[in-house]
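J.: show me the folded form of this:
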Amino acid sequence: MMEFDQSLSRLAVALGIGLLIGLERGWKTREVVGGRRAAGVRTFALCGTLGGIVAALAQVVGTAVGAGLVLGLGFAVYATIFALLQRDADRAAGSFSATTTIAGLLTFALGAFAVAGDARIAAAVAVATAGILAARGEIHGWIARVTWPELRSALVLLAMTFIVLPVVPDTKIGPDGGVNPREVWLIAIVLAGVSFLGYAAVKWLGARRGVLLAAVAGGLVSSTAVTMTSARRAAAGEAAPVLLAAGVAVATAVSFIRVAAIIAVMQPSLLPLIGPALGAAAAVAVVYAVVTVRWRGGAGIEGVTKAPGEGGPVPSEVAFRNPFSFWPVVGFAIFLAIVIVLGRIIGETFGAGGALLGAAGLGLADVDSVTISLVRLVPAPLGPVSASVAILVAVASNMVSKLALAAGLGRGRFAAEVAAMTVACWLAGLTGLAAALGIGQLPH
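T.: From the prediction side, this is the model:
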């Protein structure tokens with residue numbers, strides 16, 4: 001048996017749950033004449049309290065079977081009466097909806113759970129329920145704007161994450177430790193997620209803001225994924241190549257900052273050596289993106305065409321394809337896995353002395369893993385300078401892979417823009433590294 005104060009507070013929560021949901025339902029039917037609706041604020045408040053009282057009565061019964069019978073029978077009687085009354089009210093109003101009926105049943109159940117279970121969870125669910133009920137117009141409007149390819153892509157992405165990922169083996173396979181299938185599948189999920197994020201951002205925020213915001217978010221996870229997605233969109237003519245290249249520049253700058261953050265956390269002593277190079281390269285990438293968006297693209301940034309039969313230019317709608325294609329994403333993830341295996345074989349063959357070669361090989365696929373593995377080798381067997389140079393080689397190597405994607409998938413103007421940005425970042429990074437090392441100092 002619960003104490004008096006605890007029982008009273010739980011019943012108060014049950015009453016509050018009914019009032020909260022009742023306020024939303026009452027506001028929706030505020031223009032209906034009194035006596036012509038089945039349930040309003042007062043009724044819902046009583047429904048929540050009734051659920052709490054029935055749960056309290058069930059706890060008084062000495063046996064679990066008896067408590068279950070009391071609670072089950074009470075809910076069944078309540079559900080029958082409420083559903084019949086709401087059916088008659090809907091018929092009188094000429095409407096057809098189960099929302100209020102379900103809300104009434106949920107109010108009783110949450111009131112009972114507030115007394116017999118966790119009152120905090122019951123209150124949280126009640127708030128969420130009221131929010132969903134209040135957002136009816138927004139939810140229906142959003143559903144009306146969603147296309148089937150968008151919904152299908154979202155479902156595929158959810159299935160990749162919550163159905164397939166848990167059953168993918170979390171063990172390394174292949175030569176020399178090979179690769180972890182779960183990590184490879186995570187790469188596929190990242191690629192699909194970045195592609196979907198970019199699609200949604202451009203659709204809802206517009207080409208200019210959507211591409212850049214998606215690039216920032218994607219760069220936090222995988223700048224390579226951003227490059228791949230942008231290259232495919234450039235080849236399909238879904239956005240201006242210079243704008244997509246600016247997005248790649250933003251994602252690249254974020255990736256530089258991400259590497260610096262990893263070093264700051266795991267081996268801050270390397271920051272004075274690596275920081276200037278990464279900082280200079282990131283600054284160049286950001287400047288490139290800003291200049292491209294603000295001054296170089298002009299009207300072409302948003303995409304401009306002539307209207308049929310008219311001479312003046314008008315903004316054109318971007319012809320979007322599927323938010324992402326499943327098999328190309330999986331294929332690219334497998335390609336990255338192969339590159340990781342090759343890089344690991346090179347590293348194992350040449351040992352610690354081949355750190356630069358190993359970093360260049362692994363950096364083609366993943367900079368973060370190279371960074372983490374190298375900082376763990378400091379101060380032995382690698383010195384700070386050797387480890388710093390190896391990390392920067394991995395960063396430069398990763399930019400080579402992005403440049404290859406731009407040239408192979410995007411081609412044309414997009415590839416040229418990414419190449420110019422890449423070379424500028426390399427030069428800035430070399431300048432920063434030279435300043436940090438001192439002219440004439442050799443790595444050791």
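
J.: pLDDT below threshold where in the stretch 251-400 of the chain?
T.: 296-326, 328-329, 332-333, 335-355, 369, 372-373, 376-377, 380-382 (pLDDT under 70).

J.: need the contact list for L133.
T.: Residues near L133 by Cβ atoms under 8 Å, 6 or more residues apart in numbering: 21, 24-25, 28, 99, 103. For the C-beta atoms, the positions are set from N, CA and C on the backbone; glycine is no exception.

J.: 6 Å - rerun?
T.: By Cβ atoms under 6 Å, 6 or more residues apart in numbering, L133 lies in contact with E24.

J.: ok, L19 next?
T.: L19 sits in contact with A45, where contact means Cβ under 6 Å, 6+ apart.

J.: so how far is A419 from V242?
T.: 13 Å (Cβ to Cβ, to the nearest Å).

J.: okay, those two: which has more neighbours?
T.: Taking other Cβ atoms under 10 Å, V242 and A419 do not tie; V242 has more neighbours (20 against 14).

J.: helix or strand for that one, which one?
T.: Using DSSP states H and E, V242 sits within helix 241-266.

J.: now do that helix: which elements does it pack against?
T.: helix 207-219, helix 223-236, helix 271-291, helix 367-375, helix 412-437 (3 or more Cβ pairs under 6 Å, 6 or more residues apart in numbering; DSSP states H and E).

J.: domains of the protein?
T.: Listed domain ranges for the chain are 4-142, 148-304+314-437 (source: automatic domain parsing).

J.: pick the most deeply packed of the helices and strands packed on helix 241-266.
T.: helix 223-236 (a mean of 26; mean count of other Cβ atoms under 10 Å).

J.: just give the closest residue to the most centrally placed residue in the chain, not the sequence neighbours.
T.: Residue closest to the average C-alpha location in the chain (Cα atoms, centre = their mean): G193, at 6.5 Å. Setting aside the residues directly before and after it, G193 is nearest to L157 in space (Cβ to Cβ, 6 or more residues apart in numbering), at 6.3 Å.

J.: give me the number of residues near that neighbour?
T.: Look at L157: counted by other Cβ under 10 Å, it has 20 neighbours.

J.: which parts of the one helix or strand it maps to are buried?
T.: Take DSSP H and E as the rule and L157 turns out to sit in helix 148-159. Using 16 or more other Cβ atoms under 10 Å as the test for burial, helix 148-159 gives 150, 153, 156-157.

J.: nearest to A67, of the residues you listed?
T.: L157 (43.0 Å; Cβ to Cβ).

J.: quick one: the closest one from L15, how far?
T.: L157 is 41 Å from L15, where distance means Cβ to Cβ.

J.: now do A416
T.: On the measure of Cβ to Cβ, A416 and L15 end up 68 Å apart.

J.: do the same with P379
T.: Taking Cβ to Cβ, one finds P379 at 65 Å from L15.

J.: when the two are compared, which one has more neighbours?
T.: More crowded of P379 and L15, by other Cβ under 10 Å: L15, with 18 against 10.

J.: may I ask you to confirm that the more buried one is in contact with L50?
T.: No. Contact criterion Cβ atoms under 6 Å: L15 and L50 do not qualify, at 10.0 Å.

J.: low-confidence ranges in the stretch 51-200 of the chain?
T.: For the stretch 51-200 of the chain, the ranges with pLDDT under 70 are 174-179, 187, 191, 194-195, 198-199.

J.: what about 80?
T.: Residues of the stretch 51-200 of the chain meeting the criterion pLDDT under 80: 62, 89-90, 92-97, 136-150, 152-153, 172-180, 183-184, 186-200.

J.: hey, where'd the helices end up in it?
T.: For the stretch 51-200 of the chain, helices defined by DSSP state H, counting those that start in this stretch occupy the ranges 64-93, 99-116, 119-134, 136-145, 148-159, 181-205.

J.: so which bits of the shortest one are buried?
T.: To tie it back to what came earlier, the one meant is helix 136-145. Quick answer for helix 136-145: no buried residues (16+ other Cβ under 10 Å).

J.: now do it: distance to the chain's middle.
T.: 21 Å (Cα atoms, centre = their mean, to the nearest Å).

J.: for it, packing partners?
T.: Using 3+ Cβ pairs under 6 Å, 6+ apart, helix 136-145 is in contact with no helix or strand.

J.: my understanding was that I274 contacts A387; is that so?
T.: No. Taking Cβ under 6 Å as the definition, I274 is not a contact partner of A387, at 8.9 Å.

J.: who touches both of the two?
T.: The contact sets of I274 and A387 do not overlap (Cβ under 6 Å, 6+ apart).

J.: from memory K402 sits against A225, does it?
T.: No. Applying Cβ under 6 Å, one finds K402 not in contact with A225, separated by 10.0 Å.

J.: what touches both of those two?
T.: By Cβ under 6 Å, 6+ apart, no residue touches both K402 and A225.

J.: would you mind pulling the contact partners of stretch 423-435?
T.: Against stretch 423-435 from outside (Cβ under 6 Å, 6+ apart): 276-277, 280-281, 284-285.

J.: and which of these is nearest A253?
T.: A285 (3.9 Å).

J.: give the contact list for that closest one.
T.: 249, 252-253, 425.
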